[in-house]
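Undergrad: Give me the fold of what follows.
(2 chains)
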Amino acid sequence: MATASNWCRCTSCHIGFGWDKKEYDHTVQENVDCLVCHDGTGTYKKFPTDCGHPAYGEKKFGNKQYKNVDLGHVARSIRKSSRQTCGACHFFGGGGDGVKHGDLDSSMFAPAKKLDVHMDADGLDYNCTTCHTANAHDIVGRNYSKSAPNSHRLALPNDDGIRIGCENCHSRQPHQSNQKLNDHTDRVACQTCHIPSFARGGIATQLNWDWSTAGRHADDGKLLIKKDFSGNVIYHSKKGTMTWGTNIIPEYAWYKGIMKYIHQQDKIDDSSPVTLAWPVGSYADKNARIFPFKIHHGKQPYDPVKKNLIVPKLFGKKGSGAYWAEYDWGKAAEKGMDDYGAPFSGQTGFVETEFYSPISHMIAPKEEALTCSECHSRSGRLAKLQGFYLPGRDKSESLDLLGWTGIWLSFLGVFIHGLLRFILKN
Amino acid sequence: MKKKLHLYTRFERLWHWVQAALIFMLAVTGFEIHGTFILFGFEKAHNIHIFSAWSLLILTVFAIFWHLTTGEWKQYIPSFLNIVPVARYYLQGIVRGERHPFAKTRQKKLNPLQKLAYFTLKAFLLPLSLLSGLLYLFPDQANAFLHVSLGSIAVTHTAGAFALVSFFIVHTYLTTTGGTLLSYIKAMITGWEETEH
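TA: Predicted structure coming up:
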């Protein structure tokens, strides 16, 4: 929710390695942590609250013990990035396993073929970088800064080209069993049919995060933490109420590879849920295709006077105003907005939010791809995606009325005619 | 006096029944694709529909060739001569047991109402369905070159389908209006028809 006021907590994944002051320069190369991606030992683990640093010396975070990192050993054991190094952050986006993404969680460290045909640990065993190719550390496959070059180029086997789009390897006519399927590839992304549901690896993904209920404690004053039967945290004093799910059917939207998002200073309309990040595209835009998304719902603090989102201070010591120390949204907002450097009215409210997150991983085996009727039916998966004619879903109501009237009148006519013939003949 | 007439040649009969079967399959699978009911499942329905459609197109090419080379196409030129007595027969005479006012011959095998009905079918209804169906097969090209949307193609194709189903109902019923209930069906199978004239 608020990286910019909680640097030392968030930089255990977000960029800002060794963050030490407000003037920290995110743009210089020396501030990039090489080891977090290139550690070959599995021992380079960032301590959650040390501004991007690993544990120097034995340390405890909650019940978790962090061992002293042997930097010399790690530096002598560097190798290419792996599902382990990438996943250490990306599988835990949002602060925990499967919180932010629906298609990236710890089940992807060594997935079975059923979960992901390409990363299948006993099969193709792809790394993240097999598709997320990089040229001089410029890794393709971002959604925010620029869209992935997608369907118009074909990667050659083993070359150093761009392989981020399915079509880069599979081409735009990948289906051999039924040519009609190839007619879909211009307007329907591969992911739409080939990822029938997400959070399929047994790890639940978070669907709703309501910060407004945070702050309740147990009778003895300790943190109140409630879990469901599967062990997912459904209430936490620091974070509020959360809901989780597995095997979730995506939402579908037109998408041309670019996500837009609101900025803190953008005015929001608090009368309905605020969309924080959304895909760019429409039926009319020929570059857009139907694409699956996880929509993460939330309820988070905002300034009801200035109509801005609040960047609260969450992490800090007692006396710092941090919410996780003092449980006062007013103070946390005041301090956070001051750190962030944005005007704040002093009022704090809560507003519902939604966040679109593209689903691109967990590609199922082809036998489990969606069948036609999942979308080509009256109330299928694309029921909400209006503005274009979808056979099997759509019809002209007036034509159907006229047509069926014609058919029933024909029946009635021949029935009466036949009846008269029958009666008068006898 | 009853006499037997050879009205329908072997090709004509083959064409008629294959066309009937194909149109029947097209209607069933087409209305499934339309979302009216679930029978085969969408993909199978689609595949059968496409196969039947191409088969019907090929058959139609042969049928057009046959009509042109034999001159049989002239049978279908609409004529309003004696149309009133024929219409009156189907509305009144038939229930009173009157004789059919039209005398069939090999050279004039269609009464004026039939001419009108089959001309409408062949000149408008089937071409409408076939052409809109062809566009439906290639929606991207239809959009690029003819600027017609999938929606308008689909609605046109569906309109043709509704009309054909109504035609099928009345057409099937009228087969029972011969000498006996099945005599017209028999004629279309054997080629020979018994007439009273």
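Undergrad: Can you classify the residue nearest to residue A:204 when sequence neighbours are not counted by secondary structure?
TA: Leaving aside its sequence neighbours, residue A:204 sits nearest to residue A:244 (Cβ to Cβ, 6 or more residues apart in numbering or on different chains; 3.8 Å). Yep, even glycine has a C-beta here, placed from its N, CA and C like the rest. Secondary structure assignment for residue A:244 (DSSP: H, G, I helix; E, B strand; the rest coil): strand.
Undergrad: can you pull the contacts of residue A:244?
TA: For residue A:244, the contact set (Cβ atoms under 8 Å, 6 or more residues apart in numbering or on different chains) comprises A:98, A:204-207, A:228, A:230, A:232, A:234.
Undergrad: can you tell me which of the residues you listed are in helices?
TA: Using DSSP state H, no member of the contacts of residue A:244 falls in helices.
Undergrad: Show the buried residues in those residues.
TA: A:98, A:204-207, A:232 (16 or more other Cβ atoms under 10 Å in any protein chain shown).
Undergrad: Any residues of chain B in contact with chain A? List them.
TA: Residues of chain B found near chain A (Cβ under 8 Å from any Cβ of the partner chain) are B:33-35, B:38, B:41-43, B:46-47, B:50, B:94-97, B:139-140, B:149-151, B:154-155, B:158-159, B:161-163, B:165-166, B:169-170, B:173, B:176.
Undergrad: In ChimeraX, how would I select the buried members of these?
TA: In ChimeraX, a selection of the buried entries from those looks like this (16+ other Cβ under 10 Å):
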select /B:33,34,35,42,43,46,50,94,95,139,150,154,155,158,159,161,162,163,165,166,169,173,176
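Undergrad: What sits closest to the residue nearest the centre of chain B if chain neighbours are left out?
TA: Centroid-nearest residue in chain B: residue B:121, 5.9 Å away (criterion: Cα atoms, centre = their mean). Using Cβ to Cβ, 6+ apart and skipping the chain neighbours, the partner closest in space to residue B:121 is residue B:167 (6.3 Å).
Undergrad: Pipe the contacts of residue A:244 into CSV and attach pLDDT per row.
TA: Below are these laid out as CSV (pLDDT from 0 to 100):
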residue, pLDDT
A:98, 96
A:204, 98
A:205, 98
A:206, 98
A:207, 98
A:228, 96
A:230, 93
A:232, 96
A:234, 97
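Undergrad: Closest one of these to residue A:196?
TA: Closest approach to residue A:196 among those (Cβ to Cβ): residue A:205, at 15.0 Å.
Undergrad: residue contacts, that closest one?
TA: Per Cβ under 8 Å, 6+ apart, neighbours of residue A:205: A:98-99, A:101-102, A:105, A:198-199, A:244-246, A:248, A:294.
Undergrad: Looking at those, spot the one nearest residue A:405.
TA: Nearest to residue A:405 among the contacts of residue A:205: residue A:248, at 42.7 Å, using Cβ to Cβ.
Undergrad: Dump stretch A:80-95 to CSV, restricted to CA.
TA: Listed next in CSV are the C-alpha coordinates belonging to stretch A:80-95 (Å, rounded to 0.1, in the frame of the first residue of the first chain):
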residue,chain,number,x,y,z
LYS,A,80,22.2,-17.1,-13.4
SER,A,81,18.9,-16.3,-11.8
SER,A,82,16.5,-19.1,-11.1
ARG,A,83,12.9,-19.7,-10.0
GLN,A,84,14.3,-19.6,-6.5
THR,A,85,15.9,-16.2,-6.7
CYS,A,86,13.1,-14.5,-8.7
GLY,A,87,10.4,-16.3,-6.7
ALA,A,88,11.9,-15.1,-3.4
CYS,A,89,10.3,-11.8,-4.1
HIS,A,90,7.8,-12.3,-6.9
PHE,A,91,6.0,-15.2,-5.3
PHE,A,92,5.5,-13.2,-2.2
GLY,A,93,4.3,-9.9,-3.7
GLY,A,94,2.1,-7.8,-1.4
GLY,A,95,4.0,-9.1,1.6
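Undergrad: Can you mark which positions in that stretch are buried?
TA: A:81-83, A:85-88, A:90-95.
Undergrad: Contacts for that stretch, please.
TA: Residues outside stretch A:80-95 that contact it (Cβ under 8 Å, 6+ apart) are A:13, A:36-39, A:42, A:45, A:97-101, A:104-106, A:108-110, A:119, A:127-129, A:206, A:296.
Undergrad: again, only this time at 7 Å
TA: Identification of contacts with stretch A:80-95 by Cβ atoms under 7 Å, 6 or more residues apart in numbering or on different chains yields A:13, A:36-39, A:42, A:97, A:99-101, A:104-106, A:108-109, A:119, A:127-129, A:206.
Undergrad: In strands only, show me those.
TA: Mapping those onto strands (DSSP state E) picks out residue A:206.
Undergrad: Buried only: go through the contacts of stretch A:80-95 for me.
TA: Here, 16+ other Cβ under 10 Å leaves A:13, A:36-39, A:97, A:99-101, A:104-106, A:108-109, A:119, A:127-129, A:206 buried among the contacts of stretch A:80-95.
Undergrad: Cross the residues you listed against helices and list the overlap.
TA: Those of the buried ones among the contacts of stretch A:80-95 mapping onto helices are A:36-38, A:128-129, per DSSP H.
Undergrad: Closest to chain B out of those?
TA: Among those, residue A:128 lies closest to chain B (Cβ to the nearest Cβ), at 33.8 Å.
Undergrad: Name the nearest residue to residue 39, sequence neighbours excluded.
TA: No chain in the question, so chain A it is. Closest residue in space to residue A:39, ignoring its immediate chain neighbours: residue A:74 at 5.4 Å, by Cβ to Cβ, 6+ apart.
Undergrad: looking at chain B here, not the other one
TA: Of all residues not flanking residue B:39 in the chain, residue B:32 sits nearest, at 5.4 Å (Cβ to Cβ, 6+ apart).
Undergrad: pLDDT score assigned to that neighbour?
TA: On pLDDT, residue B:32 comes in at 97.
Undergrad: That one: neighbour count?
TA: The number of residues packed around residue B:32, counting by other Cβ atoms under 10 Å in any protein chain shown, is 23.
Undergrad: measure stretch A:32-40 end to end?
TA: 17 Å (Cα to Cα, to the nearest Å).
Undergrad: what does that stretch contact?
TA: Residues from elsewhere that reach stretch A:32-40 (Cβ under 7 Å, 6+ apart): A:17, A:44, A:46, A:52, A:74, A:77-79, A:81, A:85.
Undergrad: And the residue located most distally from the centre of chain B, how far from residue A:186?
TA: In chain B, the greatest distance from the average C-alpha position (Cα atoms, centre = their mean) is reached by residue B:144, at 32.1 Å. The gap separating residue B:144 from residue A:186 is 11 Å, by Cβ to Cβ, to the nearest Å.
Undergrad: Low-confidence ranges, the chain, go.
TA: Picked chain A for this. In the predicted model, chain A carries pLDDT under 70 at residues A:144-160.
Undergrad: You answered for a different chain; I wanted chain B.
TA: Chain B contains residues with pLDDT under 70 at B:1, B:196-197.
Undergrad: ranges for the strands of it?
TA: B:3-6, B:192-195.
Undergrad: Reformat those strands into TSV and put mean neighbour count and distance to residue A:352 next to each item.
TA: Below are the strands of chain B laid out as TSV (neighbours: other Cβ atoms under 10 Å in any protein chain shown; distance: least, Cβ to Cβ, whole Å):
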stretch	mean neighbour count	distance to residue A:352
strand B:3-6	12	80
strand B:192-195	16	76
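Undergrad: Looking at chain B, which helix is longest?
TA: Criterion DSSP H: the longest helix present in chain B is helix B:42-70.
Undergrad: residues of that one that come out buried?
TA: The neighbour-count check on helix B:42-70 (16+ other Cβ under 10 Å) flags B:42-43, B:45-46, B:48-50, B:52-53, B:55-56, B:60, B:63, B:67 as buried.
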